[in-house]
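Visitor: All I have is the shape, not the residue letters:
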């Protein structure tokens, strides 16, 4: 019987573990930044543990080193009719597909209604577990300092975050699990680090008063957490939100220093006030919203202890060490963009 029917946590006395299914895991968005890392992690674990089949839902075939072990369903969440039957034989759905642009209608179509359609298919097929990778941006403007999953009331500040919050609620109402990472870095990152590099190229300064700390997680470590939830599900995961971040928040000072050491970027001047810096960037980088600016210049860090305790995974080496592992990718990506 599908856990996606009641939308509530199990009654007292219910077992704490759910059957470790040998069926298929569907990764929606499995060709994207987070989704491809999840697929690779599932493949790595499967080699040692006896893998479930992996089915990737994406518009393009996945770019994977073990592509022959992964089936591909070409479909788009913006076209719900194309999803019919894709969850047949699926035990777990991992939903990483998202649209993060400014088109409010497309945000609603992909993030909200696309998730509803995927949930409907999961329910129809009797899927046992649904994991949605969302974003801590649903909390909106900060500063946020050390809040756990029950402290803050979401207050999204963009169409993308608003539509993802609606998607979250649908997943939780169906008994699924929601992960909220904040800033994710590593191979495939085209937003976080590349945005900072672009801003520093346009305005070679960082505001003197912006000594912010942020929750960050390497995409590899996020994928490990997702894989743990998939391969060893528990009833306590139902209708549950987890913050997904390394336990140690990272200062922007450390980020800027790491970019200097690893990518050769000059250290920015620190002789500009926040208002002056924002005004300069508003002229030079017109696509950067005020909300995006505050995400990089104000504290946004969250208590993520619950996820690490639940999965039993080690949090990993932290920002600088993980960035070093992905330096080659960032170097190549930034060179192509230039």
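Guide: Cool, got the structure. Everything numeric in this text was worked out from a predicted model, so none of it was measured.
Visitor: how about residue 76, what does it touch?
Guide: Residues in contact with residue 76, defined by Cβ atoms under 8 Å, 6 or more residues apart in numbering, are 59, 82. Backbone N, C-alpha and C define where each C-beta goes, glycine included.
Visitor: what about it, which SS state?
Guide: coil (DSSP: H, G, I helix; E, B strand; the rest coil).
Visitor: cool, residue 71 as well?
Guide: Going by three-state DSSP, the secondary structure assigned to residue 71 is strand.
Visitor: Show me what the nearest residue to it once chain neighbours are set aside is bridged to.
Guide: Using Cβ to Cβ, 6 or more residues apart in numbering and skipping residues adjacent in sequence, the residue nearest residue 71 is residue 55, 4.9 Å away. With beta bridges defined as DSSP bridges, residue 55 has these partners: residue 26, residue 71.
Visitor: What are the boundaries of the helices in the stretch 51-200 of the chain?
Guide: Here the stretch 51-200 of the chain has its helices, by DSSP state H, counting those that start in this stretch, at 104-107, 114-125, 159-173, 192-202.
Visitor: Report the inter-axis angle for the longest one versus helix 114-125.
Guide: Note on geometry: by axes from the mean of the first three to the mean of the last three Cα atoms, to 10 degrees, helix 159-173 and helix 114-125 are set 20 degrees apart in direction.
Visitor: So which bits of helix 159-173 are buried?
Guide: Neighbour counts using 16 or more other Cβ atoms under 10 Å place 159-168, 170-172 of helix 159-173 among the buried residues.
Visitor: So the residue nearest to residue 71 sits against residue 35, correct?
Guide: No - in this structure, residue 55 is not within contact of residue 35 by Cβ atoms under 8 Å, at 11.8 Å.
Visitor: Overlap in contacts, these two.
Guide: Residues touching both residue 55 and residue 35 by Cβ under 8 Å, 6+ apart: residue 27.
Visitor: Would you mind telling me which of the two has more residues around it?
Guide: More neighbours sit around residue 35 than around the other of residue 55 and residue 35, counting by other Cβ atoms under 10 Å; the figures are 27 against 22.
Visitor: Which helix or which strand is home to that one?
Guide: Element membership for residue 35 (DSSP states H and E) is helix 33-49.
Visitor: buried sites along that helix?
Guide: Those buried within helix 33-49 under the rule 16+ other Cβ under 10 Å are 33-43, 45-46.
Visitor: Just list the residues touching residue 130, thanks.
Guide: For residue 130, the contacting residues are 4, 92, 93, 95, 119, 122, 171, 174, 175, 176, 177, taking Cβ under 8 Å, 6+ apart as the criterion.
Visitor: ugh, wrong one, residue 245
Guide: Taking Cβ under 8 Å, 6+ apart as the contact definition, residue 245 lies against 136, 181, 182, 215, 216, 217, 301, 302, 304.
Visitor: looking at this structure, which helix or strand is least sure?
Guide: Lowest on mean pLDDT, DSSP states H and E among the helices and strands of the chain sits helix 33-49, with a mean of 86.
Visitor: do you know how far residue 177 is from residue 242?
Guide: Taking Cβ to Cβ, to the nearest Å as the measure, residue 177 and residue 242 are separated by 7 Å.
Visitor: Specify which residue of the two has the higher count of neighbours.
Guide: Using other Cβ under 10 Å, the more surrounded residue of residue 177 and residue 242 is residue 177, with 26 against 23.
Visitor: Isn't that one up against residue 228?
Guide: No - the pair residue 177 and residue 228 does not pass the contact test of Cβ under 8 Å, sitting 11.4 Å apart.
Visitor: just to revisit the earlier point, mean pLDDT and distance to residue 319 for the helices of the stretch 51-200 of the chain - can I get that in TSV?
Guide: As requested, the helices of the stretch 51-200 of the chain are arranged in TSV below (pLDDT from 0 to 100; distance: least, Cβ to Cβ, whole Å):
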stretch	mean pLDDT	distance to residue 319
helix 104-107	96	29
helix 114-125	97	30
helix 159-173	97	23
helix 192-202	95	11
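Visitor: Noted, bye for now.
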